[in-house]
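Trainee: Predicted model, plus sequence, below.
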Amino acid sequence: MFDQERARKAKQAAEALSKDLQSQRMYDTCRNCGESVRAGLVRCWSCNAFMRKDVEARYQQMQATPQPIIFSDVPLEQRTELLVRSEGSSGFSVYDAEDDSVEFTLRDSSGDDEFELQAPAARQTPAQPAKPAIPKPAQQKPGTPPDGQPATEATVSRTSAGDAPASDAQTPKQKPAGPVDPDDLVGIALQDQREALLKKKKKVEDARKRRILMPCTRCGAWIRVHEDQTGKTLRCRQCKSPFVVPQMKKKAQATASDKPGQPVGPQMTLTWLQDVQLHRVAPTEVVLKPGSLEKGAETVDAGFHESGLFLVKYAPPAKKGLFGKADGPPEIDEQRRLIREHIAKTGSVSDLPFGELLSIEASGVSGIRLMQPVAEAHASMFAGVPVFGEGRIAVYLPLNLDDNRQGFLSFPISRFRKFAETAQSTFGLNLKAEQNGVPMKDAYDTKKCHLSEIPVQSLRSLNYYQADSGYELEVSGFLCGTCGIAVSEEARARQKLGGANGKGIAKAKCPGCSNKMGDNKTWKIAKAPQEDAAEGSEDDPADVLKPKATPEAAKPAADSGQAELVKQLSGSWKMLKLGLNGNFSSPDDVSAASIVFQIADGKYSVKAGDEVQEEGSLTIQADQNPVHLDQHLTAGADSGKSHLGIVRLVDGQLHHRQAAFDQPRPKDFEAQPGTTDTLAVFERV
């Protein structure tokens with residue numbers, strides 16, 4: 001049985017729920033640009049696109065068939081071009097805010113209650129300049145020649161004809177448009193006159209567009225003002241009463257996005273990777289030899305966009321001629337700038353003004369794969385041979401090239417990391433580099449120096465960094481080829497192991513096993529490519545203790561070295577010697593003063609006997625050479641200040657060189673008289 005009352009209540013509940021959901025839906029998403037737009041708007045506030053397809057279709061239909069315009073006569077009393085004189089006004093004067101053309105004057109209309117604006121003179125287009133004015137002869141009676149001579153029959157017939165044109169002999173000829181003969185002085189003068197008239201006419205027209213006519217509220221006189229006077233207080237030239245010029249709003253110039261029915265131009269933002277090596281390889285011509293494909297590489301720029309990967313090879317710049325001019329492509333940097341401006345202007349990567357374009361659509365990007373190195377040699381196209389060069393990484397590109405050639409890109413380690421990161425963020429492409437031995441993060445092995453107990457860092461995957469010119473490496477220490485102990489470069493230089501410059505380290509006697517050390521160097525990164533902007537900057541004592549962003553690559557090794565060093569430095573240290581003001585050659589013996597330096601859990605204190613002289617927090621950076629140790633005071637009169645210092649362990653003793661408050665960090669432990677640095681030597685309690 002159908003329950004009508006129950007059905008009616010269910011319908012009302014559904015309608016109420018629908019209204020509630022509709023009121024809660026306050027925003028829609030534009031299907032063109034993705035912006036959040038308030039629900040109910042016809043157009044997107046950002047890109048001006050229609051929010052509903054049916055409204056857009058109806059609008060296009062209306063634009064295709066516009067409503068016809070019907071002209072009709074307007075009664076005289078309803079015409080808006082007439083300027084009604086204000087009541088009580090005694091004149092019809094019009095005053096200009098600036099002297100200008102007489103075309104903008106008002107004339108009296110024979111004592112009527114209204115006066116009208118005189119129409120401007122007829123305009124002439126710049127393409128057809130006005131002819132110079134030729135004085136007309138005085139009006140003659142029919143049949144009388146202009147010079148007063150007796151008229152002939154031909155003269156009478158021509159004069160009485162009124163509108164008949166004169167003969168070719170009597171009509172002044174106008175020189176055709178085109179270049180003027182340099183010897184024709186009259187033609188040059190006439191051309192200059194025409195150009196001057198055009199410039200004056202354009203100036204008057206521009207001035208006309210920038211003026212308005214407004215009445216004086218007191219005397220009724222009309223005043224002409226300029227748009228540059230908007231917002232200013234002026235005086236009426238007739239009654240001298242002040243008035244304020246209103247603001248004049250300029251009509252914004254219409255753009256493509258403002259025109260109804262015109263689609264908004266696509267905006268393309270590409271992420272660029274410059275100076276990448278492109279290889280076009282015929283597999284049958286490859287020689288399986290390390291570095292055999294390095295010479296034929298081409299330099300390109302790689303552009304990443306959600307629509308695909310684009311490779312731009314620039315054209316060779318034209319050679320300059322005898323007078324410094326070159327006909328052809330400009331320099332590479334200029335080509336790069338022009339091409340990127342072209343892409344930004346057109347919204348597409350096509351029809352480039354210079355060079356060659358290779359592109360891979362987004363659907364084909366998944367075909368990009370790692371080719372060098374490959375963990376399993378049998379799965380490698382080149383049998384595991386580094387044909388692109390030692391320490392370089394190469395990827396295969398799914399390009400359609402001529403002569404059955406295949407495309408590859410090769411990179412040093414720093415460029416490949418950026419390529420892989422951008423490909424991952426743009427396309428979600430995983431090249432599986434780490435699984436094939438590519439170090440995507442900087443990693444170190446850490447050993448303790450046999451002589452000074454300072455950590456010695458050894459960079460892993462060294463061949464990739466040595467092949468990358470963007471990295472600067474330095475020797476951190478040496479390993480014995482027999483027993484494997486480590487000796488830091490600083491300890492080697494102090495002990496003169498292998499000579500003053502270390503050239504004889506291979507034949508030097510190992511301090512651990514007395515055998516020959518061998519030439520087994522350990523390296524660390526002195527400067528990475530992304531650190532160029534920070535080169536030459538000094539430590540700021542106010543900022544040095546702030547947390548710094550550490551690359552994830554260095555965290556595992558740095559954490560282990562940091563923990564080891566903190567463990568070695570923790571405890572109580574008694575001061576034995578102290579050198580002041582950079583005079584470290586003969587430091588004073590201060591052991592009788594019983595000064596103790598205590599380090600524990602990131603804090604420190606300095607005691608003289610039982611009295612605390614200084615205390616605060618401590619920061620140790622084991623990844624620096626020499627090791628950084630910074631003290632931040634948290635109590636006393638100098639609370640909030642910082643000491644920047646360096647430390648080292650030598651034969652069980654702690655050497656601590658410290659800068660004065662707010663002074664730069666010392667660079668080494670060498671004596672430098674004239675500075676305010678101090679050097680303290682401690683032994684463990």
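Mentor: On my side now, so go ahead. Note that this is a predicted model, so its numbers are computed, not measured. Numbers count the residues shown, from 1 in each chain.
Trainee: Let me see the ranges of the helices in this structure.
Mentor: Secondary structure of the chain, counting by DSSP state H: helices at 4-24, 53-64, 153-160, 185-209, 332-346, 413-427, 462-466, 489-495, 555-569.
Trainee: nearest to residue 362, of the ones you listed?
Mentor: helix 413-427 (6.7 Å; Cβ to Cβ). Heads up, the C-betas are built off the backbone N, CA and C, glycines and all.
Trainee: on that earlier part again, would you convert the helices of the chain into JSON lines that also reports distance to residue 294, mean pLDDT and mean neighbour count?
Mentor: Converted to JSON lines, the helices of the chain look like this (distance: least, Cβ to Cβ, whole Å; pLDDT from 0 to 100; neighbours: other Cβ atoms under 10 Å):
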{"stretch": "helix 4-24", "distance to residue 294": "64", "mean pLDDT": "77", "mean neighbour count": "10"}
{"stretch": "helix 53-64", "distance to residue 294": "56", "mean pLDDT": "85", "mean neighbour count": "11"}
{"stretch": "helix 153-160", "distance to residue 294": "92", "mean pLDDT": "36", "mean neighbour count": "13"}
{"stretch": "helix 185-209", "distance to residue 294": "62", "mean pLDDT": "80", "mean neighbour count": "13"}
{"stretch": "helix 332-346", "distance to residue 294": "21", "mean pLDDT": "90", "mean neighbour count": "15"}
{"stretch": "helix 413-427", "distance to residue 294": "15", "mean pLDDT": "94", "mean neighbour count": "18"}
{"stretch": "helix 462-466", "distance to residue 294": "15", "mean pLDDT": "93", "mean neighbour count": "18"}
{"stretch": "helix 489-495", "distance to residue 294": "33", "mean pLDDT": "88", "mean neighbour count": "19"}
{"stretch": "helix 555-569", "distance to residue 294": "32", "mean pLDDT": "67", "mean neighbour count": "17"}
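Trainee: Now these in a markdown table, please, with extra columns for distance to residue 516.
Mentor: Shown next, in a markdown table, are those (distance: least, Cβ to Cβ, whole Å):
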| stretch | distance to residue 516 |
| --- | --- |
| helix 4-24 | 82 |
| helix 53-64 | 83 |
| helix 153-160 | 125 |
| helix 185-209 | 90 |
| helix 332-346 | 51 |
| helix 413-427 | 33 |
| helix 462-466 | 22 |
| helix 489-495 | 14 |
| helix 555-569 | 28 |
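Trainee: of all those, which lies closest to residue 483?
Mentor: Among these, the nearest to residue 483 by Cβ to Cβ is helix 489-495 (15.9 Å).
Trainee: for the closest one, the distance to its chain's centre please.
Mentor: 47 Å (Cα atoms, centre = their mean, to the nearest Å).
Trainee: That helix - contacts with which helices or strands?
Mentor: Here helix 489-495 touches strand 472-479, going by 3 or more Cβ pairs under 8 Å, 6 or more residues apart in numbering; DSSP states H and E.
Trainee: buried sites along the strand it packs on?
Mentor: 473, 476-479 (16 or more other Cβ atoms under 10 Å).
Trainee: what does stretch 472-480 contact?
Mentor: For stretch 472-480, contacts defined as Cβ atoms under 8 Å, 6 or more residues apart in numbering pick out 447, 449, 456-459, 465-466, 485-489, 492, 502, 505, 510, 512-513, 515, 517-518, 520-527, 625.
Trainee: Now with 6 Å, please.
Mentor: 456-457, 486-489, 505, 510, 517, 520-524, 526-527 (Cβ atoms under 6 Å, 6 or more residues apart in numbering).
Trainee: Can you tell me which of these are classed as buried?
Mentor: Among these, the ones that count as buried by 16+ other Cβ under 10 Å are 456-457, 486-489, 505, 510, 517, 521-524.
Trainee: What about the contacts of stretch 472-480, which are in strands?
Mentor: Of the contacts of stretch 472-480, the ones assigned to strands by DSSP state E are 456-457, 486-488, 521-524, 526-527.
Trainee: closest one to residue 44 among the helices of the chain?
Mentor: Across these, residue 44 has its closest neighbour in helix 53-64 (11.3 Å, Cβ to Cβ).
Trainee: Relative to residue 497, how far out is residue 511?
Mentor: Distance check for residue 511 against residue 497: by Cβ to Cβ, to the nearest Å, it reads 7 Å.
Trainee: meant to ask about residue 201
Mentor: Distance of residue 201 to residue 497, computed by Cβ to Cβ: 91 Å.
Trainee: need the contact list for residue 629.
Mentor: With Cβ under 6 Å, 6+ apart, residue 629 has these contacts: 620, 645, 647.
Trainee: same question, residue 400
Mentor: By Cβ under 6 Å, 6+ apart, no residues touch residue 400.
Trainee: Looking at it now. What's its pLDDT?
Mentor: At residue 400, the pLDDT value in this model is 87.
Trainee: which stretches of the stretch 1-150 of the chain have low pLDDT?
Mentor: Applying pLDDT under 70 to the stretch 1-150 of the chain flags the ranges 1, 19-25, 66-150.
Trainee: Let me know how buried residue 306 is, in neighbour terms.
Mentor: For residue 306, the count of nearby residues is 10 (other Cβ atoms under 10 Å).
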